[in-house]
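[1] I would like the atomic coordinates for the input below:
(one chain, ligands or ions: 1)
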Amino acid sequence: MRKKNIEVIVLTDGSRILGLGDLGVNGIGISIGKTSLYVAAGGIKPSRVLPVVLDVGTNNLELRNNPLYLGTRKPRCDDDTFYQLMDEFMKEASTTWPQAVIQFEDFSNNHCFDMLERYQTKYRCFNDDIQGTGSVVSAGYLSALKAAGTTDVTKTRIVFFGAGSAASGVAQSIVDVVSQAYGLSKEQIKKTVYMVDSKGLVAANRGDELAPHKVQWARDDVAAEDVQKLKTLEDVVKHVKPTALIGLGATGGVFTKEIIRFINSYSDHPIIFPLSNPSSKAEVNPQNAYKWTEGKAIIASGSPFPPTNVNGKECVPSQGNNLYIFPGVGLASVIAQPDYIPQEVLVAAAECLSSLPSASDREAGLLYPPITQVRKVSAEVAAACILKLQQMGMAKNQDLPDNLPDLTKLARRRMWQPEYPDESFYLNLQLQPNEDLQSDYSHGEEYTRRQ
Ligand code: NAD
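    Sure thing, here's the model as predicted:
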């Protein structure tokens, strides 16, 4: 493999594959899936992506006892060993493939936040579960605020169900994106955020030791005797009277009819985002939420759901899919070659995405453009990210246009397109690599020509 070829690395340790838990080295499937999406949506050449799983053991006993398991049959290594290996990987990967961007994927909560802090400004990397999710959901939330006709955003209140990596990333991104869009301070938007975890309202005076990533979202303005009473989502909703509910707690059905009707009793257009995957874990089926609010709810889900008809109106839930964001962010990093990816780039990606739905998309209640336009979206997102890097003086590639239309054209041109072989290929069943591929696969053994 030639050194210069790799442009995107998706790295996991298989410790928390969404919805499935600790899969050990079998987590390679998520890296392969995400690199495939980089090819499909971001136009990265298939020969320039590298899926990686780090084998640091597994705490999944069933796997360790399975004779067919290919990974190390030991419990996960301790933190010192983990960070020694990670440090070495980051250094060697960035030296071996200096053009590459590294996407962290599905690392467990005890590592993903610390890893981001440790490497974010040292290497060209980002965490899709925290930052990618944050960016796509905040884009949808910004569009939802507009759709709800919100003028005074300080009067909004968001209750998050779940306070894990996705919720933390989304809350941070909402604070960044909404404060910028409405010209308010981050502190003002932060005050609109409430989080609920398995013990109730996340509050500084709850009496337990909060995980480090929850501390910054802990409320400090609720009386201790009230906090003791706010144990469930329903308790918190009744107390806070939110205008938006964001579900990232991987527990299906918790946004009940009572909760949603209650919110609709004081808010004309409740913003309801049941984002947990798969669909069985969605906090509410959007079809029900539309029915319970007479089609008034503004909905984005994590998994795809079909439209529903309420009083003759077709209600189509949007899908807050990270695919709208990470391929564009990765492509921008590959083109602009910054030393690292600052949070401002993810904010620029969210603002761009929020601006992309057409008038007819918005008319239909959509918060995102159709997913079928994902290549176009990726090019636009990439252009917005490159422009942000240029404005911050961080684009090391100086040979780039300095305006959005030309950057978008450049990103489109840069995208790899599959070339379909002619009929003789199918007739003779011979592999005929095209010129472009041939230059990539310069070592003859890397492709097979069947005679
Ligand atoms: P995580 O394990 O980091 O966090 C889950 C959180 O939910 C934890 O804070 C946990 O305490 C809380 N929780 C669990 N059960 C609860 C209960 N009964 N009551 C209250 N809180 C409870 O996982 P994550 O990476 O943050 O992902 C959470 C969910 O979000 C997953 O279902 C995932 O599929 C989904 N997700 C969706 C998108 C998207 O739609 N774009 C992106 C990322 C994650």
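[2] residue of the chain closest to the ligand, please.
    Residue of the chain nearest the ligand, by CB to the nearest ligand atom: residue 164 (1.9 Å). Heads up, the C-betas are built off the backbone N, CA and C, glycines and all.
[3] which non-adjacent residue is nearest that residue?
    Distances taken as CB to CB, 6 or more residues apart in numbering put residue 109 closest to residue 164, at 6.0 Å, once the chain neighbours are dropped.
[4] run a quick neighbour tally on the one you found.
    Other residues within reach of residue 109, judged by other CB atoms under 10 Å, total 18.
[5] next: residue 207.
    Considering only other CB under 10 Å, residue 207 is surrounded by 10 other residues.
[6] low-confidence ranges in this protein?
    1-4, 425-451 (pLDDT under 70).
[7] residues of the stretch 151-300 of the chain that sit close to the ligand?
    Within the stretch 151-300 of the chain, the residues that sit near the ligand (CB under 6 Å from any ligand atom) are 161-167, 196-198, 248-251, 275-277, 281.
[8] go again with 5 Å.
    Contact residues, the stretch 151-300 of the chain versus the ligand (CB under 5 Å from any ligand atom): 162-166, 197-198, 248-251, 275-277.
[9] distance to residue 371 added to the residues you listed, as JSON lines?
    What follows is these, written out as JSON lines (distance: CB to CB, whole Å):
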{"residue": "162", "distance to residue 371": "24"}
{"residue": "163", "distance to residue 371": "28"}
{"residue": "164", "distance to residue 371": "25"}
{"residue": "165", "distance to residue 371": "23"}
{"residue": "166", "distance to residue 371": "19"}
{"residue": "197", "distance to residue 371": "31"}
{"residue": "198", "distance to residue 371": "32"}
{"residue": "248", "distance to residue 371": "20"}
{"residue": "249", "distance to residue 371": "24"}
{"residue": "250", "distance to residue 371": "22"}
{"residue": "251", "distance to residue 371": "26"}
{"residue": "275", "distance to residue 371": "16"}
{"residue": "276", "distance to residue 371": "19"}
{"residue": "277", "distance to residue 371": "15"}
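[10] of the residues you listed, grab the buried ones for ChimeraX.
    A single ChimeraX command is used to select the members of these judged buried by 16 or more other CB atoms under 10 Å:
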select :162,163,164,165,166,197,248,249,250,275,276,277
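[11] for the residues of the stretch 151-300 of the chain next to the ligand, give me TSV that also has secondary structure.
    What follows is those, written out as TSV (DSSP: H, G, I helix; E, B strand; the rest coil):
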residue	secondary structure
162	coil
163	coil
164	coil
165	helix
166	helix
197	strand
198	coil
248	coil
249	coil
250	coil
251	coil
275	coil
276	coil
277	coil
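[12] if we can go back for a sec, quick one: residues contacting the residue of the chain closest to the ligand.
    The contact partners of residue 164, by CB atoms under 8 Å, 6 or more residues apart in numbering, come to 109, 248, 249.
[13] try residue 10
    By CB under 8 Å, 6+ apart, the residues touching residue 10 are 30, 31, 34, 35, 38, 49, 50, 51, 52, 103, 105.
[14] residue 408 now?
    379, 380, 382, 383.
[15] try residue 284
    247, 253, 254, 255, 256, 260, 272, 274.
[16] show me where the protein has strands.
    Listed from the start of the chain, the chain has strands (DSSP state E) covering 8-12, 49-53, 101-104, 125-127, 158-161, 193-197, 200-201, 244-247, 271-274, 298-301, 308-310, 313-315, 318-319.
[17] turn these into CSV, columns for distance to residue 24.
    Rendered in CSV, the data for these read as follows (distance: least, CB to CB, whole Å):
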stretch, distance to residue 24
strand 8-12, 10
strand 49-53, 8
strand 101-104, 17
strand 125-127, 20
strand 158-161, 29
strand 193-197, 27
strand 200-201, 33
strand 244-247, 28
strand 271-274, 30
strand 298-301, 30
strand 308-310, 40
strand 313-315, 41
strand 318-319, 30
